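# Show me the folded form of this:
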Amino acid sequence: MLLFSALVAGSFALGARAANAIDPAALNALRFLLASVIIGALVALGPGVRRADFRAPWRYFVLGGLFSVYFVTMFEGLKTAPPVSAAAVFTLTPVMSAFFGWLLLRQVTTPRMAVALALAAGGAIWVIFRGNIEAIKAFEVGKGEMIFFVGCIAHALYTPLIRKLNRGEPPLVFTLGMMLAGFVLLSLYGAGSIANTDFTSLPKIVWVTIAYVTVFASAATFFLVQYAAMHLKSAKVMAYTYLVPAWVILWEVALGGAMVPLVVFLGVAAVIVALLMLLAD
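Numbering: from 1, shown residues only. Have a look, this model is predicted:
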């Protein structure tokens, strides 16, 4: 999940640079298809596919649909929302995931976990607003952030549903089924925009973003969160998302942005302490 948070952050930084150059449905349909090819090759080399792995295929469409909503709203939101601000919205998912974990799996959030989630949320907010108290007081939510919030609800529901709907399938096989279902749903939803997209004239940054989100923010992160969700409580899995804003800042610096003030790293320290609290048994 630590690796997951770093890889997800990259999709915010790159996605903001490509969001206005291609329709979100077309971009994500292509990335789901390419990621399915990669995961399919790994499945063929590894566990293989049994007939029993694809019983009750509706499960894959439920999960693939939720992640499709998440990714489409993310790129739609990044058309107007700055990447760090979008990462701020993403940090709302652990609390929602804890609620869905209780609702679906009766996973209980202990008092220590609640304190840790609150500490991590405070640290994330500090990072998001770069340690500026006045900026925190003047918090304003734009259209892009509101659109992405819908996707974050879908992401929060997705995490506990993995454990509830999995029937013993290996993580790679389960990921393949979900991504194929997501590709089908996105192809149907975005058929018009896909047909109208001239893929031969897209800017280079779009192809860089597609390559990144296909390999690292799709195939890799889907597998990582599948594995983690089978071993950790939903709230613990999603708690790592509090690290995303800090990773986004580092990504922005790496892509040519300015370095943030040192005071911001107080928030990073709070998030790390919170994670240690969550991981301790």
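# from here on, contacts and neighbour counts on C-alpha atoms
OK.
# Residue most distant from the centroid, the protein?
Arg51 (29.6 Å; Cα atoms, centre = their mean).
# Look at that one and report its pLDDT.
We note a pLDDT of 80 for Arg51 in this prediction.
# Return the residues in contact with Ala154.
Shown in contact with Ala154 (Cα atoms under 8 Å, 6 or more residues apart in numbering): Leu66, Phe67, Val69, Tyr70.
# could those residues go into TSV alongside neighbour count, secondary structure and distance to Val225?
What follows is the contacts of Ala154, written out as TSV (neighbours: other Cα atoms under 10 Å; DSSP: H, G, I helix; E, B strand; the rest coil; distance: Cα to Cα, whole Å):
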residue	neighbour count	secondary structure	distance to Val225
Leu66	22	helix	14
Phe67	24	helix	12
Val69	20	helix	17
Tyr70	23	helix	14
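# for the stretch 1-150 of the chain, which spans come out with low pLDDT?
139-141 (pLDDT under 70).
# circling back to that earlier point, so which of the contacts of Ala154 comes closest to Leu117?
Tyr70 (21.9 Å; Cα to Cα).
# Looks like the closest one contacts Ile147 (just checking).
No. Tyr70 lies out of contact with Ile147 (Cα atoms under 8 Å); the separation is 9.8 Å.
# Which neighbours do those two have in common?
Joint contacts of Tyr70 and Ile147 (Cα under 8 Å, 6+ apart) do not exist.
# Where does Thr80 fall, secondary structure wise?
Thr80 belongs to no helix or strand when assigned by DSSP states H and E.
# Can you tell me how far it is from Leu34?
To Leu34, Thr80 is 27 Å away according to Cα to Cα, to the nearest Å.
# now do Ile125
Taking Cα to Cα, one finds Ile125 at 35 Å from Leu34.
# could you dump the contacts of Ala154 to TSV with distance to Leu161?
Formatted as TSV, the contacts of Ala154 follow (distance: Cα to Cα, whole Å):
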residue	distance to Leu161
Leu66	10
Phe67	12
Val69	15
Tyr70	15
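# tell me the two of the residues you listed that are most distant?
Leu66 and Tyr70 (6.3 Å).
# Strands along the stretch 1-150 of the chain, start to end?
For the stretch 1-150 of the chain, applying DSSP state E, counting those that start in this stretch gives no strands.
# Show me where it has its helices.
2-18, 24-45, 58-77, 83-90, 93-105, 111-128, 133-137, 143-165 (DSSP state H, counting those that start in this stretch).
# To Val273, which of those helices lies closest?
Comparing the helices of the stretch 1-150 of the chain by Cα to Cα, helix 111-128 comes nearest, at 8.0 Å.
# Give the buried residues for that closest one.
Residues of helix 111-128 classed as buried: 113-114, 116-117, 119-128 (neighbour count, 16 or more other Cα atoms under 10 Å).
# Give me the angle between it and helix 83-90.
160 degrees (axes from the mean of the first three to the mean of the last three Cα atoms, to 10 degrees).
# Contacts for helix 111-128 next, please.
Contacts for helix 111-128 (Cα under 8 Å, 6+ apart): 84-85, 87-88, 91-92, 94-95, 132, 136, 239, 242-243, 245-246, 264-275, 277-278.
# got the angle for it vs helix 93-105?
Computed by the same axes, to 10 degrees, the angle between helix 111-128 and helix 93-105 is 150 degrees.
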